[in-house]
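*Asks:* Take this sequence and fold it.
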Amino acid sequence: MSYAEVYAQWEKDPEGFWLKAAEAIDWVEAPKTGVTDKGNGFYEWFADAKVNTCWNALDRHVEAGRGDQAAIIYDSPMTGTKRSISYSDLRDEVAVFAGALAAQGIEKGDRVIIYMPMVPEALTAMLACARIGAIHSVVFGGFASNELAVRIDDATPKAIIAASCGLEPGRVVAYKPLLDGAIDMAAHKPEVCVILQRDQELAPMGDRDVDWREIASAADPIDCVPVEGTHPAYILYTSGTTGQPKGVMRPTAGHLVALNWTMKNIYDVDPGEVFWAASDVGWVVGHSYICYAPLIHGNTTIVFEGKPVGTPDAGTFWRVISEHKVASFFTAPTAFRAVKREDPTGAMIKDYDLSSLRSVFLAGERADPDTITWAESNLNVPVIDHWWQTETGYAIAANPLGIEQLPVKLGSPAVPMPGYQVDILDDGGHPVAAGELGAIAVKLPLPPGTLPTLWNADARYQSSYLNTFPGYYETGDAGMKDEDGYLYIMARTDDVINVAGHRLSTGGMEEVLAEHPDVAECAVIGVADQLKGQMPLGFLCLNAGTDRPHEEIVSEVVKLVREKIGPVAAFKMATVVDRLPKTRSGKILRGTMVSIADGKDWKMPATIDDPVILDEITEALQSLGYAK
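*Replies:* The predicted model follows:
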């Protein structure tokens with residue numbers, strides 16, 4: 001069937017479509033109903049089902065005779081460690097660790113915070129929680145104490161599972177002082193902290209702390225506990241506009257069905273093949289495509305503890321793909337931009353055999369055409385931009401390689417996936433014409449596996465996502481659709497700037513800047529202007545080895561924007577900086593940059609990768625007469 005036929009099949013019978021997809025899952029009690037309307041924009045999927053996620057990710061593959069296949073390949077250039085863990089061995093480790101958690105009093109419905117680096121035990125902890133029906137909430141290892149404290153108070157965990165440390169290039173990050181500081185700040189106190197001691201930093205143990213290996217060695221394996229289809233698999237916190245993080249809740253049954261469906265239909269991998277998402281378990285990509293989807297589908301997943309550059313060089317990605325025979329690779333555009341900046345011609349790619357690689361997928365930040373073109377020309381495989389959110393858990397729009405490879409349109413993550421009717425709306429909630437910029441919204445109900453609400457915050461869920469456009473989920477992104485139905489995600493709604501009455505996309509300007517041969521990465525923000533309301537301002541990071549005068553490059557990019565977008569963009573200002581402020585997942589902190597430029601109060605973002613960069617940005621803005 002073609003993409004159009006599959007999408008039409010879903011449109012004709014949405015419930016039947018997903019109930020059919022559900023047949024690929026091992027159920028304790030299979031669902032007979034698809035979606036249940038709870039009223040006021042709230043929906044549930046597969047509410048009458050009973051199931052266990054861990055059984056579907058591990059036990060059923062072992063039972064089917066595939067226990068010897070690698071479930072996890074751990075590759076850590078930080079420690080020089082490489083290790084393969086079979087489905088049988090992982091099932092056994094998870095069953096024992098689940099038994100150890102149960103012995104500590106953890107039961108179905110209890111919350112467990114996981115505060116871990118990229119080590120296989122992070123996945124063991126997640127799956128052990130799923131095995132006994134505990135609800136995990138992974139917090140990025142090394143997160144600041146005050147941010148961890150907020151999540152402790154919101155999730156009220158009975159236990160926290162942490163490692164003694166994480167590793168960054170050139171330094172060891174001790175987790176235990178951060179964890180202890182968070183618990184001191186939090187009103188809620190966990191009963192127990194399970195600590196995985198790593199050789200690089202042994203953590204001092206306190207009264208509530210127990211050693212991972214000690215409790216596991218004393219535990220008996222435990223069977224999977226069936227849970228209701230609507231039972232939360234996990235809570236994952238995403239930043240909120242109020243500064244209070246939003247706890248995105250993931251329902252068990254829909255999560256299983258949707259993720260399993262995506263592995264073949266979107267990523268076009270078969271069970272037994274190696275799938276690599278170069279992310280972190282602290283992010284939604286790590287949940288969906290490092291831990292759950294590959295294992296549910298019977299793939300081998302890679303747990304990579306390293307960076308795109310610097311561990312040891314810009315060839316790390318290609319080494320991992322070559323050594324472990326990766327079939328499909330998923331990363332963020334920002335990672336490729338970092339590699340491209342260090343190795344603009346892709347010379348290092350030629351050192352590795354990438355014959356196993358069939359496709360590359362990008363998500364997490366807009367994939368600019370320049371980055372896609374660079375990757376396509378150097379890797380000689382389809383490079384697919386696709387678009388989704390923490391809230392949805394998997395792609396809203398993609399090029400579904402397992403159904404049909406559609407023509408790639410640079411700058412577009414292609415077309416809506418089954419389950420998503422995506423409309424572009426004006427401020428009044430009316431659909432706009434093809435090619436017009438507007439707010440991107442998805443018609444309710446959302447498909448299985450997406451958030452049904454926020455953890456203990458129904459009213460906030462409504463106000464954040466449902467109230468702006470009745471009958472729709474508001475994505476918070478702005479963009480347009482072309483005549484072929486391809487989506488273009490141009491910016492967060494907040495990043496659409498108003499220049500003398502013209503609504504302009506900062507993303508469109510960034511695409512033009514990225515075309516300049518000396519520009520490795522860029523960002524455009526709208527700064528306050530008394531005459532025109534807002535004016536665009538560009539930040540340019542240059543390729544390694546570029547030694548031309550910065551004024552020349554700035555002059556050339558200003559000319560480029562004038563040629564490609566026109567005088568209406570009023571693009572006259574740009575500055576060269578060493579790096580851009582980003583979250584650890586690679587998103588550029590444009591909102592924070594705007595607040596600094598306009599002299600408004602701002603708060604240090606909890607997810608920032610390196611706070612020092614904001615000092616550099618402030619200096620650059622001050623040199624242009626902003627950030628007063």
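
*Asks:* List phi and psi for the residue of the chain positioned farthest from its centre.
*Replies:* The centre of the chain is farthest from one residue, residue 531, which by C-alpha atoms, centre = their mean lies 38.7 Å away. Main-chain torsions, residue 531, degrees, to the nearest 10: phi -80, psi -50.

*Asks:* what do you get for residue 527?
*Replies:* As for residue 527, its main-chain torsions (degrees, to the nearest 10) stand at phi -110, psi 150.

*Asks:* gap between it and residue 573?
*Replies:* Applying C-beta to C-beta, to the nearest Å, the value for residue 527 to residue 573 is 8 Å. From N, CA and C alone the C-beta is placed, and that goes for glycine too.

*Asks:* In terms of packing, which of these two has more residues around it?
*Replies:* Taking neighbours as other C-beta atoms under 10 Å, residue 527 and residue 573 compare with residue 527 leading, 20 against 16.

*Asks:* who's in contact with the closest residue to that one other than its chain neighbours?
*Replies:* Nearest non-adjacent residue to residue 527, counting by C-beta to C-beta, 6 or more residues apart in numbering: residue 597, 4.5 Å away. Applying C-beta atoms under 8 Å, 6 or more residues apart in numbering to residue 597 gives the contacts 525, 527-528, 537, 621, 626-627.

*Asks:* Nearest to residue 109 among those residues?
*Replies:* Nearest to residue 109, judged by C-beta to C-beta, of those is residue 525 at 43.8 Å.

*Asks:* hang on, the closest one packs against residue 506?
*Replies:* Yes: under the criterion of C-beta atoms under 8 Å, residue 525 is in contact with residue 506, at a separation of 6.6 Å.

*Asks:* distance between the ends of stretch 598-613?
*Replies:* 18 Å (C-alpha to C-alpha, to the nearest Å).

*Asks:* rewinding a little: so for residue 525 and residue 506, which sits in the more crowded spot?
*Replies:* residue 525 (28 against 25).

*Asks:* in a helix, that's where that one is, yeah?
*Replies:* No: Residue 525 is assigned strand when assessed by DSSP: H, G, I helix; E, B strand; the rest coil, not a helix.

*Asks:* Tell me the bridge partners for it.
*Replies:* When assigned by DSSP bridges, residue 525 has beta-bridge partners residue 537.

*Asks:* List the residues that contact it.
*Replies:* With C-beta under 8 Å, 6+ apart, residue 525 has these contacts: 495, 497, 506, 536-537, 539, 590, 593-594, 597.

*Asks:* Switch those over to a markdown table, and while doing so, append distance to residue 346, secondary structure and pLDDT to every line.
*Replies:* Compiled in a markdown table, these are given as follows (distance: C-beta to C-beta, whole Å; DSSP: H, G, I helix; E, B strand; the rest coil; pLDDT from 0 to 100):
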| residue | distance to residue 346 | secondary structure | pLDDT |
| --- | --- | --- | --- |
| 495 | 30 | helix | 67 |
| 497 | 34 | strand | 79 |
| 506 | 28 | helix | 84 |
| 536 | 31 | strand | 94 |
| 537 | 31 | strand | 95 |
| 539 | 25 | strand | 97 |
| 590 | 28 | helix | 90 |
| 593 | 30 | helix | 94 |
| 594 | 34 | helix | 93 |
| 597 | 35 | helix | 94 |
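
*Asks:* can you give me the helices in the stretch 451-600 of the chain?
*Replies:* 458-461, 506-514, 550-564, 590-597 (DSSP state H, counting those that start in this stretch).

*Asks:* most neighbours per residue, which of those?
*Replies:* helix 506-514 (a mean of 24; mean count of other C-beta atoms under 10 Å).

*Asks:* for it, packing partners?
*Replies:* With contacts defined as 3 or more C-beta pairs under 8 Å, 6 or more residues apart in numbering; DSSP states H and E, helix 506-514 has these neighbours: helix 369-379, strand 487-492, strand 519-529, strand 533-542, helix 550-564.

*Asks:* in the fourth one, what counts as buried?
*Replies:* Looking back up the chat, that one is strand 533-542. For strand 533-542, the neighbour count (16 or more other C-beta atoms under 10 Å) marks 534-542 as buried.

*Asks:* which helices and strands does it pack with?
*Replies:* strand 496-499, helix 506-514, strand 519-529, helix 550-564, strand 573-576.

*Asks:* mind checking which helix or strand of this structure has the lowest mean pLDDT?
*Replies:* strand 502-505 (a mean of 72; mean pLDDT, DSSP states H and E).

*Asks:* shouldn't residue 519 be in contact with residue 553?
*Replies:* Yes: with contact defined as C-beta under 8 Å, residue 519 counts as touching residue 553 (7.5 Å).

*Asks:* Now for the two: what residues contact both?
*Replies:* With C-beta under 8 Å, 6+ apart, residue 519 and residue 553 have common neighbours 540, 542.

*Asks:* got the phi/psi numbers for the nearest residue to residue 3 once chain neighbours are set aside?
*Replies:* Distances taken as C-beta to C-beta, 6+ apart put residue 404 closest to residue 3, at 4.6 Å, once the chain neighbours are dropped. Backbone geometry at residue 404, expressed as degrees, to the nearest 10, gives phi -170, psi 130.

*Asks:* Quick check, pLDDT for residue 404.
*Replies:* Residue 404 is assigned 97 on the pLDDT scale.

*Asks:* do you know how far it is from residue 24?
*Replies:* Distance, residue 404 to residue 24, using C-beta to C-beta: 20 Å.

*Asks:* what's the answer for residue 255, then?
*Replies:* The separation that residue 255 has from residue 24, given C-beta to C-beta, amounts to 13 Å.

*Asks:* low-scoring stretches of the protein, by residue?
*Replies:* Within the chain, the stretches with pLDDT under 70 are 240-243, 491, 493-495, 500-503.

*Asks:* Next, the contact list for the closest residue to residue 106 other than its chain neighbours, please.
*Replies:* Nearest residue to residue 106 in three dimensions, chain neighbours excluded: residue 134, at 5.2 Å (C-beta to C-beta, 6+ apart). Counting by C-beta under 8 Å, 6+ apart, residue 134 makes contact with 101, 106-112.

*Asks:* Where is the longest helix in this structure?
*Replies:* Among the segments of the chain that qualify as a helix by DSSP state H, the longest is helix 87-103.

*Asks:* Sheet-wise, list the partners of the next helix-or-strand element following that one with their directions.
*Replies:* Per DSSP states H and E, the first helix or strand lying C-terminal to helix 87-103 is strand 111-115. Neighbouring strands of strand 111-115 in its sheet, by DSSP bridges, are strand 135-138 (parallel), strand 159-163 (parallel).

*Asks:* Mind giving me the packing neighbours of the next helix or strand after the first one?
*Replies:* Toward the C-terminal end, the helix or strand that comes next after strand 135-138 (DSSP H and E) is helix 145-155. Under the contact definition 3+ C-beta pairs under 8 Å, 6+ apart, helix 145-155 sits against strand 111-115, strand 135-138, helix 176-185, strand 232-238.

*Asks:* what's the last one in contact with?
*Replies:* If I follow you right, that is strand 232-238. Contacts for strand 232-238 (C-beta under 8 Å, 6+ apart): 53, 111, 126, 129-130, 135-139, 151, 154-155, 245-252, 255, 284, 287, 390-391, 455.

*Asks:* Going toward the C-terminus from that strand, what's the next helix or strand?
*Replies:* strand 246-251.

*Asks:* Please name every helix or strand in contact with that next one.
*Replies:* Secondary-structure packing of strand 246-251 (3+ C-beta pairs under 8 Å, 6+ apart): strand 232-238.

*Asks:* domains of the protein?
*Replies:* Here the domain assignment for the chain is 87-225, 502-623, based on automatic domain parsing.

*Asks:* and residue 85, that one's in a strand?
*Replies:* Yes: Residue 85 forms part of a strand when assessed by three-state DSSP.

*Asks:* wait, it sits on residue 75?
*Replies:* No: with contacts counted by C-beta under 8 Å, residue 85 stays clear of residue 75, the gap being 11.9 Å.

*Asks:* who's more crowded, these two?
*Replies:* For residue 85 versus residue 75, the count of surrounding residues by other C-beta under 10 Å is larger for residue 75: 22 against 19.
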